[in-house]
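Peer 1: Requesting a structural model of the entry that follows:
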Amino acid sequence: MEALHHGRRHHHPNGATGLVECVMCGADEALPALMRRYATYFGQACGGRPHVFDRADVTVVTASTLGDLLPGEQPAALPAFVACTVSVRDITATRQHLRDNDVPVSVTGRQEIFVPAGAASGTAIIFRQEE
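Peer 2: Residues are numbered from 1 along each chain as shown. Sure, this is the predicted structure:
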């Protein structure tokens, strides 16, 4: 099986090159417990971003602040993974590819583009330009 994949690169039509982040949403009152739980799994929060962990790119937001990151989004359940972020080679080409295929595109609070959960099988997809 390894021989089948050796040297072969998969190219996604939207330009995605990798998974870079998952976004977990929890109830406001459950945030301290959720943070302790994820710190056990992934290490302490780091990088000046209080809800990003040092061993994994998991961002934790509360239900009341989800709209700051993903305008218009509502979690289907709490807690839940509400979004994933993928890196792309060319964000302009990705935006155009999505629009050409009638996929709705919105803008995050970080000024990145995303496909709302309702159009992405229940979990929003954020697209981030590779650095």
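Peer 1: Give the other helices and strands that the helix or strand containing P32 contacts.
Peer 2: Element membership for P32, per DSSP states H and E: helix 31-42. In terms of contacts (3 or more C-beta pairs under 8 Å, 6 or more residues apart in numbering; DSSP states H and E), helix 31-42 is packed against strand 16-26, strand 49-53, strand 56-62. Every C-beta, even on glycine, is put in place using the N, C-alpha and C of the backbone.
Peer 1: again, only using 7 Å
Peer 2: In terms of contacts (3 or more C-beta pairs under 7 Å, 6 or more residues apart in numbering; DSSP states H and E), helix 31-42 is packed against strand 49-53, strand 56-62.
Peer 1: Give me the buried positions along the very next helix or strand once past the longest one.
Peer 2: Taking DSSP H and E as the definition, the helix or strand that follows strand 56-62 towards the C-terminus is helix 66-69. For helix 66-69, burial by neighbour count (16 or more other C-beta atoms under 10 Å) applies to 66, 69.
Peer 1: Going forward, the N-terminal residue is numbered 36.
Peer 2: Sure, I'll start numbering at 36, so the last one becomes helix 101-104.
Peer 1: and R130, how far is that from L104?
Peer 2: Distance, R130 to L104, using C-beta to C-beta, to the nearest Å: 19 Å.
Peer 1: just A112 next, same as before
Peer 2: For A112, the distance to L104 (C-beta to C-beta) stands at 18 Å.
Peer 1: Relative to G144, how far out is the nearest residue to M59 once chain neighbours are set aside?
Peer 2: Spatial nearest neighbour of M59, excluding adjacent residues (C-beta to C-beta, 6 or more residues apart in numbering): V95 at 4.8 Å. According to C-beta to C-beta, V95 stands 15 Å off from G144.
Peer 1: Looking at the two, which has the bigger crowd around it?
Peer 2: V95 (23 against 12; other C-beta atoms under 10 Å).
Peer 1: surely that one meets R72?
Peer 2: No: in this structure, V95 is not within contact of R72 by C-beta atoms under 7 Å, at 9.5 Å.
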